[in-house]
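# Sequence and computational prediction follow.
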Amino acid sequence: MFEDFRLRVFERVAELGSFTAAARALGISQPAVSQHISELEKSVGGTLFERGRGRVEPTSRGRLFLEHARAILDDYKTLDQRFRVPESILIKHVLLDGRKTCILVRKDVFADLDAPEDTPADRVIEADGLAILPSFFNTHTHAAMTLMRGYADDKPLQEWLEQDIWPFEAKMTPEDIRHGNELAVKEMAATGSTFFSDMYFDPEEAIAATESAGLRAAIGITVLDGHPKSQAEALRDYIKNWSDPTGGRIQLVMAPHSVYTVSTERLKRCANFARHHGLLLHIHLSETRREVEDCIKAHGTTPVRYLDKIGFLGQDVIAAHCVHVDAEEWKILAKRGVTVAHCPCSNMKLGSGRFPYELALDSGCRITLGTDGTSSNNNLDMREEMKFAALLAKLNGDASLLPAGEVFHWATRNGAAFFGIDAGEIAVGKQADAVLIDLSVPQMQPCHNLISNYVYSADSSCIRYTLCAGRIA
């Protein structure tokens, strides 16, 4: 048989002109080399080498065989380079915290931030002129809705929900959802996100896309009253029987959609089920004035107070939007340890209102950033979310409110912390989730303040590499 190693033995004999030298180079005995060559010659039905006292030379048949053998071995190398996950990566001459250094990534973590230049590694990235920063953690998405980009343009949320989204979604097949997820993960990786927290249907499609892209995700098990794709019994069985195909990059969360689409009893059951099985909870909360008004009519109080009353809120809850939340409600959220996913671009596009930055910051709540779905935002670029969040915060007249460094933490370490991922900063032992930024592009020059430039000036063209768990995404 023409096995891989046998072809390598043949190639080395041809290169070195000696069975003994080939044996030494391959770390095997000279008789073993002779045996491999003899078996190859039996397979091809003729001699492959002219054996004499001097240098061993291929026969005419051997030269032809060598040509094909090298082509096969080159294909093996290409396959290995493209698809094998490297155990180690050395990032050379990269800018970290204002100084050039070499960073060693081993398996999925930062192993050394001051590695010698000649440190052995499976892959070396020459990063002179690049800076390394933590990657983004997108904490609120509807990835499959990438297929709806621009579909419900310039409509307020309630009109879009009532007239557009449900009929459109009812027609979406699993193949459509898979295609939407595949587009979404490509866009997120290209714009520097290594994690997203998703809320949609057919979770196995989002899982498949995430696994293929090499990203991280928290995949929501979406629950709504009366929705055909939200069957409680089937979802419970799915959760109980599920196992992470990536070995640690994907987790499931319970995702009851909102207070206006899920009944009180089902909200309670979701919370109890999630806590019993150790799952986090992901919900829309106080996104629009109408949501607040309808909740007061239905339950006699506002959404935050209502969820607190029924025992839903806790440290395991991430609440998306929280635009129409008063000072007392922010205190409730902080007291319960709720994390908030702020989605500035979506809030602007849908006319939902300005996030109450002053109250949110004063409350001490952990704030993260999300893009929402592309139908309500048009893209999944977390850098834009940082920029618009920082600018909207200053709209009321305080230019010092929400500085670049703080909103950068919202987009990186805060999201990682809620989802229990030891990432969001470049430090030894942390998960190797990062982006390498090209400082030579005009948007990054001059670079008096790297984070400020990245928040206010950069775009995705600045990103040269995105690393997730030590792998280039």
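In hand now; what should we look at?
# shaky segments in the stretch 251-400 of the chain?
Flagging of the stretch 251-400 of the chain using pLDDT under 70 yields the residue ranges 375-377.
# just the helices in it please.
With DSSP state H, counting those that start in this stretch as the criterion, the stretch 251-400 of the chain has helices at 264-276, 289-299, 303-309, 327-336, 344-349, 357-363, 382-393.
# Out of these, which gets nearest to A23?
Among the helices of the stretch 251-400 of the chain, helix 382-393 comes nearest to A23, with 54.9 Å by Cβ to Cβ. Every C-beta, even on glycine, is put in place using the N, C-alpha and C of the backbone.
# residue boundaries of the helices in the stretch 101-250 of the chain?
157-160, 166-170, 174-190, 203-213, 232-241.
# Can you add distance to W410 and give the ones you listed back as CSV?
Shown next, in CSV, are the helices of the stretch 101-250 of the chain (distance: least, Cβ to Cβ, whole Å):
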stretch, distance to W410
helix 157-160, 23
helix 166-170, 30
helix 174-190, 17
helix 203-213, 22
helix 232-241, 29
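# Quick one: closest of the ones you listed to K394.
helix 157-160 (24.7 Å).
# Regarding this protein, what is its longest helix?
Ranked by residue count under DSSP state H, the longest helix found in the chain is helix 60-83.
# For it, what does the pLDDT average out to?
Mean pLDDT, computed over helix 60-83, is 85.
# can you list contacts of it?
2, 4, 7-8, 10-11, 14, 40, 44, 46-49, 58 (Cβ atoms under 8 Å, 6 or more residues apart in numbering).
# Mind checking which of those are in helices?
Per DSSP H, these map to helices at D4, L7, R8, F10, E11, A14, L40, V44.
# who wins for neighbours among these?
F10 (26 neighbours; other Cβ atoms under 10 Å).
# Can you give me the pLDDT of A152?
At A152, the pLDDT value in this model is 57.
# ok, and the closest non-adjacent residue to V304?
Counting by Cβ to Cβ, 6 or more residues apart in numbering, V304 lies nearest to E329, which is 3.9 Å off, once chain neighbours are set aside.
# That neighbour and V262, how far apart?
Noted for E329: a distance of 19 Å to V262, by Cβ to Cβ, to the nearest Å.
# Count the neighbours of D114 for me.
Neighbours of D114 using other Cβ under 10 Å come to 11.
# Check what pLDDT the closest residue to it other than its chain neighbours gets.
Leaving aside its sequence neighbours, D114 sits nearest to T101 (Cβ to Cβ, 6+ apart; 5.6 Å). pLDDT, T101: 98.
# now swap in A25 and tell me
84.
# check contacts around it.
Neighbouring residues of A25 by Cβ under 8 Å, 6+ apart: R12, L16.
# Next, it: secondary structure please.
What DSSP: H, G, I helix; E, B strand; the rest coil gives for A25 is helix.
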